[in-house]
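S.K.: show me how the following folds:
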Amino acid sequence: MSWPNRRNIASMRALTRLAEQFSISLAACLQQTGVSIHQLNDAYAEVDATQELQLVTNLINAYGGYRPELGLQAGRYYHLDTYGIWGFALVSSPTLHEAINLGLRYFDLTFAFCQVCLQQHEDEAILILDGALIPAFCRQFLLEREMSSMMTMLEELFNTKAPLYHVCFNYPPPNDLSAYQRIFGITPQFNASYTGISFARGFLSTPIPKSNITTAKLCETQCKELLSQRQQRSGVSAKVRDLLLRQPQAMPNMELVAEHLCISSRTLRRQLKAEGVSYRELVDEVRMTLAEALLKIGGLSLEEIGIRLGYSEVSNFLHAFKRCKQQTPSQFRATLC
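M.R.: Numbering: from 1, shown residues only. Modelled structure (predicted):
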């Protein structure tokens, strides 16, 4: 496989909203996925890629076979906030080019089943999707979902449709092109040498209206940390770190984390102890990792950093940092100069 196995459940939740639009029941969607309605409504839940693929298969079967309106409409449910910190990082980037580069660096935090690359030519830039490893039954749905979701993200970044040169698909055309024309604003080319979208190279330099360099750096730090934790995932402590990292301003208590992991808090405490760590130590570890990153970025006061990390008072942040790092945040920041 060419995609990460673990992913947040937000993508499956988006697909069930698509199903509702086409009058496909939730029960039909979740059949054989191993996902319950309770899990579907749990913002912290994670699923395997195979579970999402099963849901896609269920959707296509329930719809009576694949037709373009299914995948293309699916992409309209993938808003930037669906992707969590990854989407926020794109919004905060200075230009489209920087947003694309950042997005590709942390592409494993998305829900895509394809690979994406950016090619630049003299006057044209092309985002190319490679879905060669997607199971054949789901390939067209997932490629068209990702193509449509790219349009959704571009529209949300700039509050207008992207000025495209070309939209290309490397498979034969369907009989009706109207769904493609609605989504992309132009008629696509089929039987092309690649699947992707192209636009003027100068469009890459377009400023993003909601950009914020400080926020972008913070978001990238969190993306890097989240990706690292997923890649190094092992044991229950890694799962707990992942959950804590998702909401640094309001970290869940141990009872809530245990509930998300479908175990009792007593069992969670015992499992963490077996791995040589306590819940409090994990909370401190995540907070201090993010605190160091925020101090390195600069531009934020100690009070602002404390608030971002969920401390009710700046003094609590100062005491916690000194306890963990044997120096104050100001002393740590001074060593960076």
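
S.K.: any idea how far Val35 is from the most centrally placed residue in the chain?
M.R.: By C-alpha atoms, centre = their mean, the chain has its centre lying nearest to Tyr83, at 3.3 Å. Distance of Tyr83 to Val35, computed by C-beta to C-beta, to the nearest Å: 19 Å. Heads up, the C-betas are built off the backbone N, CA and C, glycines and all.

S.K.: same thing with Trp3?
M.R.: In terms of C-beta to C-beta, Trp3 sits 18 Å off from Val35.

S.K.: in terms of neighbours, single out the busier of those two.
M.R.: The neighbour comparison of Trp3 against Val35 (other C-beta atoms under 10 Å) goes to Val35, with 23 against 18.

S.K.: that one contacts Ile9, doesn't it?
M.R.: Yes: using C-beta atoms under 8 Å, Val35 is in contact with Ile9, at 7.3 Å.

S.K.: what do these two both touch?
M.R.: Residues touching both Val35 and Ile9 (C-beta atoms under 8 Å, 6 or more residues apart in numbering): Val47.

S.K.: can you pull the alpha-carbon coordinates of the host helix or strand of Cys138 into CSV?
M.R.: Element membership of Cys138 [criterion: DSSP states H and E] is helix 136-158. Extracted C-alpha coordinates of helix 136-158, given in CSV (Å, rounded to 0.1, in the frame of the first residue of the first chain):
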residue,chain,number,x,y,z
ALA,A,136,-9.7,-1.1,-9.2
PHE,A,137,-13.3,-1.2,-7.9
CYS,A,138,-12.7,2.0,-5.9
ARG,A,139,-10.2,3.8,-8.1
GLN,A,140,-12.4,6.1,-10.0
PHE,A,141,-14.4,7.1,-7.0
LEU,A,142,-11.3,7.9,-4.9
LEU,A,143,-9.5,9.8,-7.7
GLU,A,144,-12.6,11.9,-8.5
ARG,A,145,-13.1,12.5,-4.7
GLU,A,146,-9.6,13.8,-4.4
MET,A,147,-9.8,15.9,-7.5
SER,A,148,-13.1,17.4,-6.3
SER,A,149,-11.7,17.9,-2.8
MET,A,150,-8.8,19.9,-4.2
MET,A,151,-11.3,22.2,-5.8
THR,A,152,-13.1,22.6,-2.5
MET,A,153,-9.9,23.5,-0.7
LEU,A,154,-8.8,26.0,-3.3
GLU,A,155,-12.2,27.7,-3.2
GLU,A,156,-12.0,27.9,0.6
LEU,A,157,-8.5,29.3,0.5
PHE,A,158,-9.4,32.1,-1.9
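
S.K.: could you pull up the mean pLDDT of that helix?
M.R.: Across helix 136-158, pLDDT averages out at 96.

S.K.: same for the next helix-or-strand element following that helix, what does it pack against?
M.R.: Where DSSP H and E defines the elements, the next helix or strand beyond helix 136-158 is strand 164-168. Under the contact criterion of 3 or more C-beta pairs under 8 Å, 6 or more residues apart in numbering; DSSP states H and E, strand 164-168 touches helix 178-184, strand 195-200.
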